[in-house]
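# Fold the following.
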Amino acid sequence: MTHHISAMIDAHPKGTGVLDKAKLAECIAACFECAQTCTACADACLGEDMVAQLTACIRTDLDCADICAATGTILTRQTGTNSAMVSAVLKACQTACGVCAEECEQHAQMHEHCRICAEACRRCEAACAGLLASLT
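Numbers count the residues shown, from 1 in each chain. Next up is the predicted model:
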């Protein structure tokens, strides 16, 4: 997945400005993967017999998916990048992924989809932190 992301970053006529290309590509990929995984986890939670006990997990999954998708999209846009906006969305995404990972980790031993989701969230959280650190 990162191959095409990296290729598009390299092909952009304006470059990446102050953003590290490898960290940017990794973060974009992690954001979109996490958005998909969180959406799938929420859907899987809805299919569980104990769905009523998974309400917080479903809500957290869906909120995290939306934030990750928005972050991946904003990071993809390189023309006229606003570093304050990039920093803000990275912080929000990092926070959302941490919260979602904590929620899913509570259910990980009982539900495989929650374990997988928590892993994707932790990966995205780390990718956001890495890109954010490279901005300073």
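
# any idea which residue sits dead centre in this structure?
Centroid-nearest residue in the chain: Cys31, 3.0 Å away (criterion: CA atoms, centre = their mean).

# Was I right to think that residue contacts Ala127?
Yes. If you go by CB atoms under 8 Å, Cys31 and Ala127 touch, sitting 7.4 Å apart. C-beta: built from backbone N, CA, C; applies to glycine.

# so what's in contact with those two at the same time?
Contact criterion CB atoms under 8 Å, 6 or more residues apart in numbering; residues shared by Cys31 and Ala127: none found.

# and the residue nearest to Leu54 when sequence neighbours are not counted, what does it touch?
Nearest non-adjacent residue to Leu54, counting by CB to CB, 6 or more residues apart in numbering: Cys45, 4.2 Å away. Contact analysis of Cys45 by CB under 8 Å, 6+ apart lists 51, 54, 57-58, 61, 111, 113-114.

# would you turn those residues into JSON lines with neighbour count?
Putting those into JSON lines (neighbours: other CB atoms under 10 Å) gives the following:
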{"residue": "Val51", "neighbour count": "12"}
{"residue": "Leu54", "neighbour count": "23"}
{"residue": "Cys57", "neighbour count": "24"}
{"residue": "Ile58", "neighbour count": "19"}
{"residue": "Asp61", "neighbour count": "28"}
{"residue": "His111", "neighbour count": "19"}
{"residue": "His113", "neighbour count": "21"}
{"residue": "Cys114", "neighbour count": "25"}
